[in-house]
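In: coordinates only, sequence not included:
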């Protein structure tokens, strides 16, 4: 299974953009890149996913490198409610559709 | 319902006792997934269902763990003869279509003493 590497933790100031990196150098051509986040004492929450092109939704943007070996989740204007553990996950297309979780990045937002 | 409902929120069992966890997926979602979160950040896939059929059970410790999704009933995950190492938060998730956004419940915290 392809794996992802993320920093253990990151800090950011409130109301500033946050760029959360993820390395996935062993990604295959059919792996989707998913991002979920887990707020304290809650279940994971879907953020965004993509395959090759950059993606935007109301929560965030996903920038995928041209070689697809890395990606960046962008929160355009972080709030205190965005403090969570962010997981970058690869999901193999045509597979059993289970998510293979890494250790995630703990995002700390400073007021 | 519009959210995945897991019950109970907390469950305490003595070692060797049985534990049963329940999950009501979002109405209209065909896929149900069970994950185990042992340490703070580590998630382990257990099993998935497509409607009432097992889709993938590669993560299940088959000796003591079993799961079902029957029509018109919540899905269930049962652990026979619990061990200390089964202490974890168990999350259920559902999705409408295979491979799309999964919606997670709030989890059941199982403590084996």
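Out: Yes, it's here. Everything numeric in this text was worked out from a predicted model, so none of it was measured.

In: nearest residue to the middle of chain B?
Out: With distances taken as Cα atoms, centre = their mean, residue B:34 lies nearest the centre of chain B, 3.7 Å away.

In: so that one: helix, strand or coil?
Out: Here residue B:34 is recorded as strand under DSSP: H, G, I helix; E, B strand; the rest coil.

In: so how far is residue A:107 from it?
Out: Remark: distance between residue B:34 and residue A:107 (Cβ to Cβ, to the nearest Å) = 27 Å. From N, CA and C alone the C-beta is placed, and that goes for glycine too.

In: again with residue B:23
Out: Using Cβ to Cβ, we find residue B:23 at a distance of 28 Å from residue A:107.

In: please apply the same query to residue B:42.
Out: Here residue B:42 is placed at a distance of 18 Å from residue A:107 (Cβ to Cβ).

In: of residue B:23 and residue A:107, who's got more company?
Out: residue B:23 (26 against 21; other Cβ atoms under 10 Å in any protein chain shown).

In: what's the following helix or strand after the helix or strand harbouring residue A:11?
Out: Residue A:11 is part of strand A:9-13 when elements are defined by DSSP states H and E. Sequence-wise, the next helix or strand downstream of strand A:9-13 (DSSP H and E) is strand A:18-23.

In: returning to what we had before: so the strand holding residue A:11, near chain B or not?
Out: No - using Cβ under 8 Å from any Cβ of the partner chain, strand A:9-13 stays clear of chain B, with a minimum separation of 11.0 Å.

In: same deal with stretch A:28-47?
Out: Yes - contact of stretch A:28-47 with chain B (Cβ under 8 Å from any Cβ) involves A:32, A:42-46.

In: quick one: contacts for the closest residue to residue A:33 other than its chain neighbours?
Out: Leaving aside its sequence neighbours, residue A:33 sits nearest to residue A:71 (Cβ to Cβ, 6 or more residues apart in numbering or on different chains; 5.2 Å). Neighbouring residues of residue A:71 by Cβ atoms under 8 Å, 6 or more residues apart in numbering or on different chains: A:21-22, A:24, A:33, A:50, A:62-65, A:88.

In: can you pick the most crowded of these?
Out: residue A:88 (27 neighbours).

In: tell me where the chain has strands.
Out: Just going to use chain A. A:9-13, A:18-23, A:31-38, A:45-50, A:55-56, A:61-64, A:70-75, A:84-92, A:105-110 (DSSP state E).

In: hmm, no, I was thinking of chain B.
Out: Taking DSSP E, the strands of chain B run over residues B:5-7, B:10-13, B:19-24, B:31-37, B:43-50, B:53-56, B:65-68, B:75-79, B:88-95, B:103-104, B:108-112.

In: that concludes my questions; thank you for your assistance.
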